[in-house]
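1. A structural model of the following input is requested.
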Amino acid sequence: MTFLLPAFLTAGLLIGLPILLHLLRQKPRQEVRFPSLRFLRNVVLRESKKHRIRRWLVLVLRCLVILLAAAAFARPFFGARLNPANRAVVVLLDNSFSMQAGSRWKEAVERALEETRSLQPGDRLGVMLMNPRPAWIAPLSADVEAGRAAIANARPGYAATRYGPALKLAGTLLEGAPESERKIVWVGDHQAAGWRDVNFKQPLPPGIELSFSPIPVKAARQAAIRDARIRTVDGRLVVDAVIQPFSQSADKRTLTVFQGTQLVVQRPVELRAEPVAVTLETELDAAKVDALTIQLNSDDLAVDDVRYAVAGSLEGVSLLLAPAADGEDTDYLAGALEAIRDQNLQSLKITPWNGASDGSAGVAFLRGGEPFSPKALPQLEAFLKRGGSAWIQLDGSEQASAWLKRNGIEVSPVPETALKLRDWDLEHPLLAPFRGNHLLPLLSLQFQKGWGLKGETLTPIARWGNQSAGLAEFSFGEGRVLISGFDSSRRGQSSWPVSAAFVPLVHGAAAWLAQGAESAARGTVGSPLALPAEGRWELVEGPEPQPPRTVAKSVLPLVPGIYQLAAGGQKWRYAINVPEEESDLAVWPGNGDWQRLQSTAARPATAPAAANLLPSAQLDWMWWWLVFAVFFLLLVELGISNRTAA
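-> Prediction:
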């Protein structure tokens, strides 16, 4: 028997405390004769002897409690003694989705099994998956067959490659191993993306041998859908996709859009060296579709030939409205938003702006300076960073102008002679309600006051007569930000809020911003995804089934697909896709860099104390029995000590 934490045994010296208390309790004997009590003498003598015995028992019990407690925390155990001549091997498996290319995974498993075939009884084997973070599927133990079975049953996942954390963890574990031969068997495809986080100037601990897989055969045919989004045009869904080829030769592929298992639209695509942007128009009603699957015909790596997308719509989106300016008799913007309810969007919520959304997608309509005040500004920036979208309507507020200036946008008043918007970007999705024969109300707009915008981060949608932007996009966070150099009030006798263009433009802005808020409903395998509420998380469509489960404020998706979160009578859809960087199968350019991770220094001569013992299952068994004994003796001591208190 030995102790895992022998330093705790020094706590046994505390037995001196109850011994000291026992000695201090001994009273000096001084005989005083009382004739009237002489008949009680024999009874008192008998009781004094009983109390003396009980006090000695209490002392012994207290000392035992202290000694047993110290022994329990020192964690005694019986273990099998290891032979320093044995071997300790850790197999690191790269289970990122690039390992699904061709026969890479099959070859990786065969190599790992071959490396462990020579292990003998007494040797130890551990197996770890690298991604999305290091995870043991067979802890380092003498059960070699269990480790080999874990290798044979392992499967590649859908996360990106990261080699550094697994190598570091395996090196730290083997550093304290007593075996004379300690080895890391690294099995992967040497992808450049995986080696980027490894510092080759810091080798592993001395004495650890490294064995690496050979560089795999280059994939002959590889392309990936890097991005796919859904937008609405004239009530129909349009899919925008970007295809990234990774092969040098030209290739002809077919891009297909599915709604569930139903084929929606198909188009041939010719790939060369540069990324190809593809737009597919569907006949699907935007009000009836919330998710689509976009797919290329398979190549050497089929995982990234599928992309999932959720449709941006006002259904389930919270519209957050900042208060109107003081003195306004009618809130025209609130009225325009309320009119959206006529489109049978029963789940639409219009709530006061307080810096947060109660759903995964939110659109804020910001007026005045209050949302940009020092107290409210952190809420606004957090809202935008997590995927919320906003329409900032300028009314001359110094606080709003100051915030925009900090973000590289200059705001200045527009002269009265230039207060007419022109140079409209009629292809912008925001202006979808004005296409066809509905353009005249937009072109005839006239304002009494306005503010011009200038900045490199702006994308103008319309300009004032002095060429400054009057309506523009602005990038901040994960959602979309629309900035207008005019507000929705009638101050200055402006006819804008009562014009024929007002309600359609508000509706177009709300729909477009909602599509931007949709980006908050997109995630990546292996990266945490923030959720609006606790609820039931379920895979609706994906490459392999996943059991539904209850999640709280975040979730870590491990499989791509269309997911649904149901909570409090509401439902949200999420598109989870594989990491884009994993599609590039290029290997690390420095072919010998990873060999530098093996230290050339000699292994220290001494091993940690008790390292030659392999703890058995009796470790926990002895711990619980010692703890039980401590509590039992405490109860006995408490009962006896109460009877000696008299």
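
2. any idea how this structure splits into domains?
-> Per automatic domain parsing, the structural domains of the chain span 2-29+44-79+621-643, 81-218+586-606, 223-311, 318-519, 523-577.

3. could those domains go into CSV alongside mean neighbour count?
-> Every residue, glycine included, has its C-beta placed from N, CA and C. Shown next, in CSV, are the domains of the chain (neighbours: other CB atoms under 10 Å):
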stretch, mean neighbour count
domain 2-29+44-79+621-643, 14
domain 81-218+586-606, 18
domain 223-311, 18
domain 318-519, 18
domain 523-577, 17
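
4. can you tell me which of those domains the model trusts least?
-> When those are compared by mean pLDDT, domain 2-29+44-79+621-643 comes last with a mean of 75.

5. Please compute how far that one lies from its chain's middle.
-> 50 Å (CA atoms, centre = their mean, to the nearest Å).

6. is it true that G542 touches L558?
-> No - using CB atoms under 8 Å, G542 makes no contact with L558, being 10.6 Å away.

7. residues shared between the contacts of the two?
-> Counting by CB atoms under 8 Å, 6 or more residues apart in numbering, G542 and L558 have no common neighbour.

8. what about W594, distance to W186?
-> 8 Å (CB to CB, to the nearest Å).

9. who touches both of these two?
-> With CB under 8 Å, 6+ apart, W594 and W186 have common neighbours 210, 212.

10. Quick check: phi and psi on the residue nearest to the spatial centre of the chain?
-> By CA atoms, centre = their mean, the chain has its centre lying nearest to P528, at 1.5 Å. Backbone geometry at P528, expressed as degrees, to the nearest 10, gives phi -60, psi 140.

11. wait, it sits on A552?
-> No - contact criterion CB under 8 Å: P528 and A552 do not qualify, at 11.5 Å.

12. Please enumerate the helices of the stretch 451-600 of the chain.
-> 502-517 (DSSP state H, counting those that start in this stretch).

13. Show me the strands in it, by range?
-> 451-454, 458-463, 469-474, 481-484, 522-524, 529-530, 535-541, 549-551, 554-555, 561-567, 570-577 (DSSP state E, counting those that start in this stretch).

14. With distance to G639 as added columns, please give those strands in CSV.
-> What follows is the strands of the stretch 451-600 of the chain, written out as CSV (distance: least, CB to CB, whole Å):
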stretch, distance to G639
strand 451-454, 83
strand 458-463, 81
strand 469-474, 76
strand 481-484, 72
strand 522-524, 60
strand 529-530, 55
strand 535-541, 52
strand 549-551, 46
strand 554-555, 51
strand 561-567, 53
strand 570-577, 58
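
15. D227 is nearest to which of these?
-> Taking CB to CB, strand 570-577 is the member of the strands of the stretch 451-600 of the chain nearest to D227, at 8.9 Å.

16. so what strands line up beside the closest one?
-> strand 522-524 (parallel), strand 561-567 (antiparallel) (DSSP bridges).

17. Put together JSON lines for those strands, with distance to I15 on each row.
-> Shown next, in JSON lines, are the strands paired with strand 570-577 (distance: least, CB to CB, whole Å):
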{"stretch": "strand 522-524", "distance to I15": "58"}
{"stretch": "strand 561-567", "distance to I15": "57"}
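
18. got a list of what D300 touches?
-> Taking CB under 8 Å, 6+ apart, one finds 101-102, 219-222 in contact with D300.

19. give me the element it is part of.
-> Here D300 is covered by no helix or strand, with elements defined by DSSP states H and E.

20. Which residue, other than its chain neighbours, is closest to S495?
-> Among residues not flanking S495 along the chain, Q446 sits closest, at 6.8 Å (CB to CB, 6 or more residues apart in numbering).

21. Surely the one you found is in contact with A418?
-> No - contact criterion CB under 8 Å: Q446 and A418 do not qualify, at 11.5 Å.
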